[in-house]
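A.B. asks: Attaching a predicted model along with its sequence, questions to come.
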Amino acid sequence: DAGVIQSPRHEVTEMGQEVTLRCKPISGHDYLFWYRQTMMRGLELLIYFNNNVPIDDSGMPEDRFSAKMPNASFSTLKIQPSEPRDSAVYFCASSRTGELFFGEGSRLTVL
Amino acid sequence: AQRVTQPEKLLSVFKGAPVELKCNYSYSGSPELFWYVQYSRQRLQLLLRHISRESIKGFTADLNKGETSFHLKKPFAQEEDSAMYYCALSGRGSSYKLIFGSGTRLLVRP
(Lines give C-alpha, C1' and ligand atoms only; values in the text may rest on other atoms or scores of the structure.)
Protein backbone atom coordinates (compact mmCIF):
# COMPACT_ATOMS: atom_id res chain seq x y z
CA ASP A 1 0.00 0.00 0.00
CA ALA A 2 1.35 3.43 -0.94
CA GLY A 3 -0.16 4.96 2.14
CA VAL A 4 -2.28 8.09 2.19
CA ILE A 5 -1.86 9.95 -1.08
CA GLN A 6 -2.30 13.70 -1.33
CA SER A 7 -2.22 16.01 -4.31
CA PRO A 8 -0.94 18.45 -5.24
CA ARG A 9 2.26 18.42 -3.18
CA HIS A 10 2.76 22.10 -3.78
CA GLU A 11 0.31 24.78 -4.87
CA VAL A 12 1.01 28.44 -5.44
CA THR A 13 -1.97 30.59 -6.24
CA GLU A 14 -3.14 34.15 -6.10
CA MET A 15 -5.53 35.58 -3.59
CA GLY A 16 -9.12 35.06 -4.61
CA GLN A 17 -8.52 31.87 -6.57
CA GLU A 18 -10.16 28.56 -5.75
CA VAL A 19 -7.93 25.83 -4.34
CA THR A 20 -8.80 22.14 -4.25
CA LEU A 21 -6.69 19.68 -2.30
CA ARG A 22 -7.19 15.95 -2.76
CA CYS A 23 -6.70 12.90 -0.61
CA LYS A 24 -6.84 9.14 -1.12
CA PRO A 25 -6.93 7.31 2.22
CA ILE A 26 -5.54 3.86 2.90
CA SER A 27 -7.92 1.20 1.71
CA GLY A 28 -10.05 -0.17 4.54
CA HIS A 29 -9.66 2.85 6.79
CA ASP A 30 -13.00 4.27 7.85
CA TYR A 31 -11.81 7.55 9.37
CA LEU A 32 -10.39 10.45 7.40
CA PHE A 33 -8.98 13.66 8.86
CA TRP A 34 -7.89 16.99 7.43
CA TYR A 35 -5.30 18.97 9.41
CA ARG A 36 -3.62 22.31 8.78
CA GLN A 37 -0.07 22.97 9.95
CA THR A 38 1.38 26.44 10.48
CA MET A 39 4.35 27.71 12.42
CA MET A 40 2.16 29.77 14.70
CA ARG A 41 -0.60 27.29 15.46
CA GLY A 42 0.94 23.87 14.87
CA LEU A 43 -1.39 21.09 13.73
CA GLU A 44 -5.04 22.05 13.76
CA LEU A 45 -7.85 19.60 13.06
CA LEU A 46 -10.14 21.04 10.42
CA ILE A 47 -12.67 18.27 9.85
CA TYR A 48 -12.99 14.52 10.04
CA PHE A 49 -15.18 11.89 8.43
CA ASN A 50 -16.34 8.45 9.52
CA ASN A 51 -17.60 6.14 6.78
CA ASN A 52 -17.66 9.12 4.39
CA VAL A 53 -19.91 11.16 6.70
CA PRO A 54 -18.59 14.45 8.17
CA ILE A 55 -18.62 14.08 11.95
CA ASP A 56 -17.00 17.25 13.24
CA ASP A 57 -16.24 20.34 11.16
CA SER A 58 -15.83 22.71 14.09
CA GLY A 59 -12.22 23.33 13.14
CA MET A 60 -13.03 24.67 9.69
CA PRO A 61 -11.97 28.33 9.87
CA GLU A 62 -14.84 29.87 7.97
CA ASP A 63 -17.29 29.37 5.16
CA ARG A 64 -14.57 29.71 2.57
CA PHE A 65 -13.49 26.20 3.53
CA SER A 66 -15.44 23.10 2.57
CA ALA A 67 -14.68 19.39 2.51
CA LYS A 68 -16.32 16.42 0.89
CA MET A 69 -15.89 12.68 0.87
CA PRO A 70 -17.98 11.29 -1.98
CA ASN A 71 -16.71 7.75 -1.47
CA ALA A 72 -14.40 5.70 0.73
CA SER A 73 -11.36 6.32 -1.44
CA PHE A 74 -11.46 10.05 -2.06
CA SER A 75 -11.80 13.33 -0.24
CA THR A 76 -11.36 16.97 -1.16
CA LEU A 77 -10.72 20.14 0.79
CA LYS A 78 -11.69 23.28 -1.06
CA ILE A 79 -10.89 26.91 -0.29
CA GLN A 80 -12.86 29.52 -2.19
CA PRO A 81 -11.81 32.29 -2.32
CA SER A 82 -8.30 31.76 -1.02
CA GLU A 83 -6.47 34.36 1.09
CA PRO A 84 -2.78 34.77 2.01
CA ARG A 85 -3.50 33.69 5.60
CA ASP A 86 -4.55 30.28 4.26
CA SER A 87 -0.92 29.57 3.39
CA ALA A 88 0.02 26.40 5.28
CA VAL A 89 0.69 22.71 4.89
CA TYR A 90 -2.52 20.72 4.73
CA PHE A 91 -2.37 17.12 5.85
CA CYS A 92 -4.79 14.32 5.26
CA ALA A 93 -4.73 11.28 7.54
CA SER A 94 -6.71 8.07 7.73
CA SER A 95 -7.29 5.56 10.49
CA ARG A 96 -8.91 2.25 11.33
CA THR A 97 -7.59 1.49 14.82
CA GLY A 98 -6.83 4.88 16.33
CA GLU A 99 -3.36 5.22 14.85
CA LEU A 100 -3.39 7.98 12.26
CA PHE A 101 -1.52 7.48 9.01
CA PHE A 102 -0.59 10.77 7.40
CA GLY A 103 -0.04 11.80 3.84
CA GLU A 104 2.98 13.84 2.81
CA GLY A 105 0.97 17.03 2.90
CA SER A 106 0.04 19.73 0.41
CA ARG A 107 1.98 22.96 0.82
CA LEU A 108 -0.24 25.88 -0.15
CA THR A 109 1.07 29.36 -0.80
CA VAL A 110 -1.44 32.11 -1.48
CA LEU A 111 0.12 35.29 -2.83
CA ALA B 1 -11.96 21.87 26.81
CA GLN B 2 -9.40 19.55 25.31
CA ARG B 3 -5.95 21.02 25.15
CA VAL B 4 -2.41 19.75 24.69
CA THR B 5 0.48 21.97 25.73
CA GLN B 6 4.08 21.51 24.70
CA PRO B 7 5.91 24.38 26.37
CA GLU B 8 9.18 24.08 24.44
CA LYS B 9 9.37 24.96 20.76
CA LEU B 10 12.99 23.86 20.55
CA LEU B 11 15.07 21.51 22.65
CA SER B 12 18.76 21.20 21.89
CA VAL B 13 20.91 18.54 23.52
CA PHE B 14 24.22 16.86 22.86
CA LYS B 15 24.49 13.28 21.70
CA GLY B 16 24.39 10.91 24.64
CA ALA B 17 22.56 13.35 26.91
CA PRO B 18 19.16 12.52 28.40
CA VAL B 19 16.10 13.97 26.72
CA GLU B 20 12.72 14.93 28.13
CA LEU B 21 10.07 16.46 25.91
CA LYS B 22 7.28 17.90 27.99
CA CYS B 23 3.58 17.47 27.35
CA ASN B 24 0.69 18.54 29.54
CA TYR B 25 -2.95 18.07 28.75
CA SER B 26 -6.39 19.05 29.89
CA TYR B 27 -9.32 16.75 29.33
CA SER B 28 -12.46 15.98 31.30
CA GLY B 29 -12.60 12.22 31.04
CA SER B 30 -10.28 9.35 30.25
CA PRO B 31 -7.81 10.45 27.62
CA GLU B 32 -5.64 8.42 25.34
CA LEU B 33 -2.23 10.00 24.77
CA PHE B 34 0.15 9.66 21.86
CA TRP B 35 3.48 10.89 20.65
CA TYR B 36 3.92 11.44 16.92
CA VAL B 37 7.22 12.22 15.23
CA GLN B 38 8.14 13.85 11.95
CA TYR B 39 11.68 13.26 10.73
CA SER B 40 13.11 15.48 8.04
CA ARG B 41 11.49 14.79 4.68
CA GLN B 42 9.29 12.03 6.12
CA ARG B 43 5.64 11.73 7.00
CA LEU B 44 4.28 12.38 10.43
CA GLN B 45 4.09 8.97 12.11
CA LEU B 46 3.14 7.41 15.39
CA LEU B 47 6.00 6.96 17.84
CA LEU B 48 4.12 5.53 20.79
CA ARG B 49 0.77 5.49 22.58
CA HIS B 50 0.34 5.21 26.31
CA ILE B 51 -1.97 2.20 26.29
CA SER B 52 0.66 0.05 24.59
CA ARG B 53 3.25 0.82 27.26
CA GLU B 54 6.04 0.12 24.79
CA SER B 55 9.50 1.57 24.42
CA ILE B 56 10.08 2.63 20.83
CA LYS B 57 13.57 3.60 19.64
CA GLY B 58 14.53 3.92 23.29
CA PHE B 59 11.77 6.43 24.03
CA THR B 60 9.26 5.95 26.83
CA ALA B 61 6.35 8.02 28.09
CA ASP B 62 4.32 7.56 31.23
CA LEU B 63 0.87 8.96 31.70
CA ASN B 64 0.69 10.88 34.97
CA LYS B 65 -2.96 11.60 35.64
CA GLY B 66 -2.22 13.56 38.79
CA GLU B 67 -0.02 16.01 36.94
CA THR B 68 -1.91 15.59 33.65
CA SER B 69 1.37 15.00 31.89
CA PHE B 70 2.74 12.62 29.29
CA HIS B 71 6.40 13.54 28.98
CA LEU B 72 8.58 11.73 26.43
CA LYS B 73 11.94 10.53 27.68
CA LYS B 74 15.07 8.92 26.38
CA PRO B 75 18.15 8.32 28.51
CA PHE B 76 20.75 8.78 25.75
CA ALA B 77 19.89 10.91 22.74
CA GLN B 78 21.16 10.01 19.27
CA GLU B 79 21.66 12.33 16.32
CA GLU B 80 19.00 10.43 14.37
CA ASP B 81 16.46 11.43 17.03
CA SER B 82 16.52 14.98 15.68
CA ALA B 83 12.96 15.60 14.53
CA MET B 84 9.70 17.38 15.30
CA TYR B 85 7.74 15.72 18.09
CA TYR B 86 4.02 16.19 18.66
CA CYS B 87 2.03 15.13 21.69
CA ALA B 88 -1.61 14.30 20.95
CA LEU B 89 -4.77 13.41 22.82
CA SER B 90 -8.04 11.70 22.06
CA GLY B 91 -10.94 10.69 24.23
CA ARG B 92 -10.75 7.01 25.07
CA GLY B 93 -13.47 5.10 23.34
CA SER B 94 -14.29 8.07 21.17
CA SER B 95 -13.82 8.58 17.51
CA TYR B 96 -10.03 8.71 17.14
CA LYS B 97 -10.23 12.50 16.84
CA LEU B 98 -6.74 13.65 17.77
CA ILE B 99 -5.89 17.03 19.20
CA PHE B 100 -2.22 17.90 18.78
CA GLY B 101 0.12 20.11 20.73
CA SER B 102 2.15 22.74 18.93
CA GLY B 103 5.18 20.48 18.70
CA THR B 104 8.76 20.53 19.95
CA ARG B 105 11.73 20.43 17.66
CA LEU B 106 14.47 18.22 19.08
CA LEU B 107 17.97 18.92 17.87
CA VAL B 108 20.66 16.45 18.90
CA ARG B 109 24.12 17.88 18.35
CA PRO B 110 27.17 15.67 17.76
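C.D. replies: Nice, I can see it. Numbers count the residues shown, from 1 in each chain, chains lettered A, B, ... in the order given.

A.B. asks: Near the residue in chain A positioned nearest to chain B, how many other residues are there?
C.D. replies: Nearest to chain B, among the residues of chain A, is A:Gly42, at 3.6 Å (C-beta to the nearest C-beta). Heads up, the C-betas are built off the backbone N, CA and C, glycines and all. By other C-beta atoms under 10 Å in any protein chain shown, 18 other residues sit near A:Gly42.

A.B. asks: isn't it right next to B:Ser102, touching?
C.D. replies: Yes - at 3.6 Å, A:Gly42 counts as touching B:Ser102 under the criterion of C-beta atoms under 8 Å.

A.B. asks: and residue 91, bridged to which residues?
C.D. replies: Just so you know, I chose chain A. A:Tyr35 (DSSP bridges).

A.B. asks: think we crossed wires, I meant chain B
C.D. replies: B:Pro31.

A.B. asks: List the residues that contact it.
C.D. replies: B:2, B:27, B:29-32, B:97 (C-beta atoms under 8 Å, 6 or more residues apart in numbering or on different chains).

A.B. asks: Against B:Arg109, how distant is it?
C.D. replies: Separation of B:Gly91 from B:Arg109 (C-beta to C-beta, to the nearest Å): 38 Å.

A.B. asks: same thing with B:Ser40?
C.D. replies: Counting by C-beta to C-beta, the gap from B:Ser40 to B:Arg109 is 15 Å.

A.B. asks: quick one: which of the two has more around it?
C.D. replies: Neighbours per residue (other C-beta under 10 Å) separate B:Ser40 from B:Arg109, with B:Arg109 holding more: 11 against 7.
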